[in-house]
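> Predicted model, plus sequence, below.
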Amino acid sequence: MTAKKNTAVYAGTFDPITYGHIDIIARAARLFDEVIVGIAASSKKQPLFTLEERVALVQSVLTDYPSVKVAGFNSLLLDFAKAHQANVIVRGLRTVTDFDYEFQLASMNRHLNPNIESIFLMPDENYMYISSSLVREIASLGGDVKGFVPEKVVLALQQKFA
Ligand code: COA
């Protein structure tokens, strides 16, 4: 009997991707056969980078992870997971303040599809305080974001705010 393949989806807006996200992706890649990084259009958030730019940036910084694939989506997360035959949704939990929202999201997703399990991974403590909006704000004011995002993202932010 062949073992069932475990595919996880890790979704977010990734505006832009940070070392905190990459830390979660690396942990998920060690646990699952395949990880699909789902880039949500999130038009309500009015992202700084277009969906195409975010997909390209995320792809460019994840070349070291052969089991990780990247795709954009503009649908329910569960429909995206189903389209990729994923049986797990991975979420990152940084601090207790993330918990309420994550609890609500996971409960709603479980209600909508009980066959897809949400699991939570903690990023390295050095990345607990990073968020994409803080990175954008610091970069927009000319601050140094090298410690929070890969070089390619630093350059993309510099171009946006040039
Ligand atoms: N490292 C760094 N930052 C992190 C992080 C980590 N490990 N984990 C979360 N964050 C940050 C994100 O960068 C983001 O920062 P920002 O708000 O400053 O930009 C913030 O925490 C929130 O992240 P997240 O909870 O992943 O929100 P999101 O908007 O990026 O993604 C979706 C949320 C896309 C997963 C969710 O809206 C969704 O599922 N959308 C699809 C539609 C749907 O199915 N809706 C019904 C849900 S029941």
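Now that the structure is in, tell me what you want to look at.
> For Tyr10, what are phi and psi?
Per-residue torsions, Tyr10: phi -120, psi 110 (degrees, to the nearest 10).
> tally of neighbours for it?
By the criterion of other C-beta atoms under 10 Å, Tyr10 has 25 neighbours. For every residue, glycine as well, the C-beta is placed using N, CA and C.
> Name the nearest residue to it, sequence neighbours excluded.
Nearest residue to Tyr10 in three dimensions, chain neighbours excluded: Val90, at 4.4 Å (C-beta to C-beta, 6 or more residues apart in numbering).
> what do you get for Tyr129?
In space, and not counting its chain neighbours, Tyr129 is closest to Arg94: 7.5 Å by C-beta to C-beta, 6+ apart.
> how about that neighbour, secondary structure?
coil (DSSP: H, G, I helix; E, B strand; the rest coil).
> ok, it - contacts?
Contacts for Arg94 (C-beta atoms under 8 Å, 6 or more residues apart in numbering) come out as Gly20, Met122, Pro123, Tyr127, Met128, Tyr129.
> Determine which two of the residues you listed are furthest apart.
Within those, Met122 and Tyr129 form the most distant pair, 13.1 Å apart (C-beta to C-beta).
> Dump the lowest-mean-pLDDT helix or strand in the chain to PDB, restricted to CA.
The helix or strand of the chain with the poorest confidence is helix 96-112; it has a mean of 95 (mean pLDDT, DSSP states H and E). The C-alpha coordinates for helix 96-112 follow below in PDB (Å, rounded to 0.1, in the frame of the first residue of the first chain):
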ATOM      1  CA  VAL A  96      -1.100  35.500  21.700                       C
ATOM      2  CA  THR A  97      -2.600  38.400  19.800                       C
ATOM      3  CA  ASP A  98      -2.600  36.200  16.700                       C
ATOM      4  CA  PHE A  99      -4.700  33.600  18.500                       C
ATOM      5  CA  ASP A 100      -8.200  35.100  18.400                       C
ATOM      6  CA  TYR A 101      -8.100  35.700  14.700                       C
ATOM      7  CA  GLU A 102      -6.500  32.300  14.000                       C
ATOM      8  CA  PHE A 103      -9.000  30.500  16.200                       C
ATOM      9  CA  GLN A 104     -11.900  32.200  14.300                       C
ATOM     10  CA  LEU A 105     -10.400  31.400  10.900                       C
ATOM     11  CA  ALA A 106      -9.600  27.800  11.700                       C
ATOM     12  CA  SER A 107     -13.000  27.200  13.200                       C
ATOM     13  CA  MET A 108     -14.800  28.700  10.200                       C
ATOM     14  CA  ASN A 109     -12.600  26.700   7.800                       C
ATOM     15  CA  ARG A 110     -13.300  23.500   9.800                       C
ATOM     16  CA  HIS A 111     -17.000  24.200   9.600                       C
ATOM     17  CA  LEU A 112     -16.800  24.700   5.800                       C
END
